[in-house]
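I would like the atomic coordinates for the input below:
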Amino acid sequence: MTTSSRARQDREVRRPDGTTIRYTVSDPEEGRALALIHGWACDRGDFDAVTDHLPDGHRVLAIDLAEHGESRSAREVWTMEEFARDVAAVLEAEAVDEVVVAGHSLGGAVAVEVGRLLPDKVSHVVALDALHYLSLFPAMSEERAEAVLRVFREDFAAAVRGLVEGGSPVGTDPALKDAYFEKMVAVRQPAGLRSIEGLVSWDMDAALRETEQPITVFAIRDLVTQEAIDRYGDRLDIVLVDLGSHHFPAESPEDTAKLLAGVVGA
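This next block holds a predicted model:
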């Protein structure tokens, strides 16, 4: 698959509570729609190279979640459901009738919620190394959730470093890990912390029960446990890949584009 220079336009949509969602849309307008949602403390630019590797005929909407990238918000609600409403507002603004929604990391949770919110519009949900982390995604007890959040509240940088290390298979370039850390630790606050709170309190099992679309998880092989496969293998189509670290869309954009194109359709 050769890299092409796709025409892009940066746009925005306004929502309540001083929220402006910025996003990038690529041509063609009549193409098969693919919405891309970045992970926590990341931004839509992570998908630039992926977009360039997608075949002609795909219309890509890469979205900055509230208070990430260029999007801004004064909201008080930082749930996965509210992030999904941001994505829904973009799809409505672009008059999208049918779409595949793909999300990386926290964006995978948002993608599931978009599917639940728009059952007649979302045809397929894709999680890019998301949903299979049992230490983050399934609903936690109050005690466990508080323990996770305490680390972020007491030493945010150490918690972010822990996330990066946890998503890095043995042999990951230390310079790459440092780059991810520097980017993520600079997430805008208080939204960064509040978003983690929203993820920890998200009831994934309930969301999956109410999401009708097929859900494909492209997961880094070395980061998946058999326990996760046993627990969710009957609901999620878990496809193991060897494309780098948790941030593989940025590390292996061409192969990521091939995976996405296979779901969206050539």
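
Enumerate the positions of the host helix or strand of D255 that are buried.
Here D255, judged by DSSP states H and E, is contained in helix 253-264. For helix 253-264, burial by neighbour count (16 or more other CB atoms under 10 Å) applies to P253, D255, T256, A257, L259, L260, A261, V263, V264. Just so you know, the C-beta spots here come from the backbone N, C-alpha and C atoms, and that holds for glycine as well.

Likewise for stretch 223-241?
In stretch 223-241, residues buried by neighbour count (16+ other CB under 10 Å) are L223, V224, A228, I229, Y232, L236, D237, I238, V241.

distance between it and the chain's centre?
Offset of stretch 223-241 from its chain centre (CA atoms, centre = their mean, to the nearest Å): 18 Å.

Name the residues that touch it?
For stretch 223-241, contacts defined as CB atoms under 8 Å, 6 or more residues apart in numbering pick out 127, 129, 131-134, 138, 167, 169, 208, 214-221, 246, 248, 255, 259.

for it, what is the average pLDDT?
Here stretch 223-241 scores 96 as its mean pLDDT.

Compute the first-to-last residue distance for it.
Chord length of stretch 223-241, first to last residue, is 10 Å (CA to CA, to the nearest Å).

Distance check, H247 against D129.
Distance, H247 to D129, by CB to CB, to the nearest Å: 8 Å.

what residues are shared contacts of these two?
Joint contacts of H247 and D129 (CB under 8 Å, 6+ apart) are H104, G167.

thinking again about what came up before, in strands only, show me the contacts of stretch 223-241.
Judged by DSSP state E, the contacts of stretch 223-241 include A127, I215, T216, V217, F218, A219, I220 as members of strands.

Mind listing the residues bridging to the first one?
For A127, the beta-bridge assignment (DSSP bridges) gives partners G103, V217.

What does the pLDDT read for it?
Confidence score, pLDDT, at A127: 98.

can you count the residues close to R150?
11 (other CB atoms under 10 Å).

Tell me the secondary structure at it.
helix (DSSP: H, G, I helix; E, B strand; the rest coil).

And the one 3 residues further on, by the same measure?
Using three-state DSSP as the criterion, the local structure at R153 reads helix.

Tell me which residues touch V112, please.
M80, G103, V125, A127, L131, M204, A207, L208, T211, I215.

The last one - nearest residue in space that isn't next to it in sequence?
By that I understand I215. V125 (4.5 Å; CB to CB, 6 or more residues apart in numbering).
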